[in-house]
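Trainee: Here is my input; please provide its structure:
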Amino acid sequence: MRPGPRNLITDVNGLRVGNAEDAVLKSGVTVVTADAPLAASVAVMGGAPGTRETDLLAPDKSAPGVDALVLSGGSAFGLAAAQGVMESLHAAGRGFSVLSARVPIVPAAILFDLLNGGDKGWVVSPYPALGQAAFGAAGDRFALGSVGAGCGAQTAMHKGGLGSASLVLDDGVTVGALVAVNPMGSVTTPSGRHFWAAPFEIEGEFGGLGVDPVPSIHLPASRKVSAMAGLGNTTIAVVATDAALDKAQCHRMAVAAHDGIGRAILPAHSPMDGDLVFAASTGARALDAPGAQLAGIGHAASLCLSRAIARAVWEATPAPGDTLPTLKDELGRG
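Mentor: Residues are numbered from 1 along each chain as shown. Okay, the predicted model is just below:
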């Protein structure tokens, strides 16, 4: 396996990703879309999820595909970002056909970033407009770090962010991950100088810091400034492939991808996190041996997600009013 040419989820041909954020708000939105509906499912393993339209992604539900997937800051307020994306899709004539009507299907998930030092005193919710802007910005290249849904994200020790990574399997299948990293847990080891995901790094993609030479099972104490921050966290992600998967197979891919969260964040899937992974397929590449290949696709998705989580933190940038440092600044490599 090797990374795709961009080392982004958009190495899955046909996918587009757009970001929009507000630096004063310290929050934002990320949208994944494509020119045609995507087969998709979801797996939720955190104890405090915030979601929209996820019931439709169960294999026994009727929706055949989704038009976009939304990751947003803003806690429950951020779910309104999907409305902005729906309006953009509707204007473009996209959506599930019901006789003469078309209804865009836009599942969404949110993270809690209401206590990160940004100005949250809005009168009218900013999230529908951020959703529209993110959809309008969607392309095959996009920034990482303190952008989109990762704009105001935080980990236990450092600023979080938006990350992505990809792998091309030996059989030619491409798998990618996109993640907004805002967990209760830590992405770095107790020293604060190494990533838990270090064993999976490829070509120094998150700093080449290496594996911590002093292994420890002890967890670093959270430095999130507000005690309330521990009540709202979450890592939300999308994994995607060009392999032709149905909804049930997408669900299995999403379940396997959660291993990537568990390898990169300690602790993960806590009662205070809303850890969630969407899985999507463009359906472009038929599988010769679906059972065996699906196992490899799920494994690749977990590796991509671990790497994307570390990249999100590594690419974070400082901003006025931050309540936590970036890892690069703390290491003197900003």
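
Trainee: Can I get the helix or strand encompassing residue 38 as CSV, trimmed to CA atoms?
Mentor: In this assignment (DSSP states H and E), residue 38 forms part of strand 27-44. Taking C-alpha atoms only, strand 27-44 is exported to CSV below (Å, rounded to 0.1, in the frame of the first residue of the first chain):
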residue,chain,number,x,y,z
SER,A,27,-15.7,27.2,14.1
GLY,A,28,-16.4,26.0,10.7
VAL,A,29,-17.8,23.3,8.3
THR,A,30,-16.4,20.7,6.0
VAL,A,31,-18.4,19.1,3.2
VAL,A,32,-17.8,15.9,1.2
THR,A,33,-19.7,15.6,-2.0
ALA,A,34,-19.5,14.1,-5.6
ASP,A,35,-21.3,14.6,-8.9
ALA,A,36,-23.4,11.5,-8.3
PRO,A,37,-25.0,10.1,-5.1
LEU,A,38,-22.7,8.0,-2.9
ALA,A,39,-23.5,4.7,-1.2
ALA,A,40,-23.0,5.4,2.5
SER,A,41,-23.4,4.2,6.0
VAL,A,42,-22.2,5.2,9.5
ALA,A,43,-20.9,3.7,12.7
VAL,A,44,-21.2,5.6,16.0
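
Trainee: gap between it and the chain center?
Mentor: Distance, stretch centre to chain centre, for strand 27-44: 10 Å (Cα atoms, centre = their mean, to the nearest Å).

Trainee: Whichever strand or helix holds residue 129: how far from the chain's middle?
Mentor: According to DSSP H and E, residue 129 maps onto helix 127-136. Mean C-alpha position of helix 127-136 versus that of the full chain (Cα atoms, centre = their mean) differs by 17 Å.

Trainee: now do stretch 137-150
Mentor: For stretch 137-150, the distance to the chain centre is 11 Å (Cα atoms, centre = their mean).

Trainee: which strands and helices sit next to the next helix or strand after the strand holding residue 38?
Mentor: Sequence order places strand 51-52 as the next helix or strand after strand 27-44, per DSSP H and E. Contacts defined by 3 or more Cβ pairs under 8 Å, 6 or more residues apart in numbering; DSSP states H and E place strand 51-52 against strand 108-110. C-beta: built from backbone N, CA, C; applies to glycine.

Trainee: Next, the buried residues of the strand it packs on.
Mentor: 108-110 (16 or more other Cβ atoms under 10 Å).

Trainee: Could you do stretch 298-317 as well?
Mentor: 298-316.

Trainee: those helices in the stretch 201-334 of the chain, which residues are they?
Mentor: Taking DSSP state H, counting those that start in this stretch as the criterion, the stretch 201-334 of the chain carries its helices at 247-264, 290-314, 327-331.
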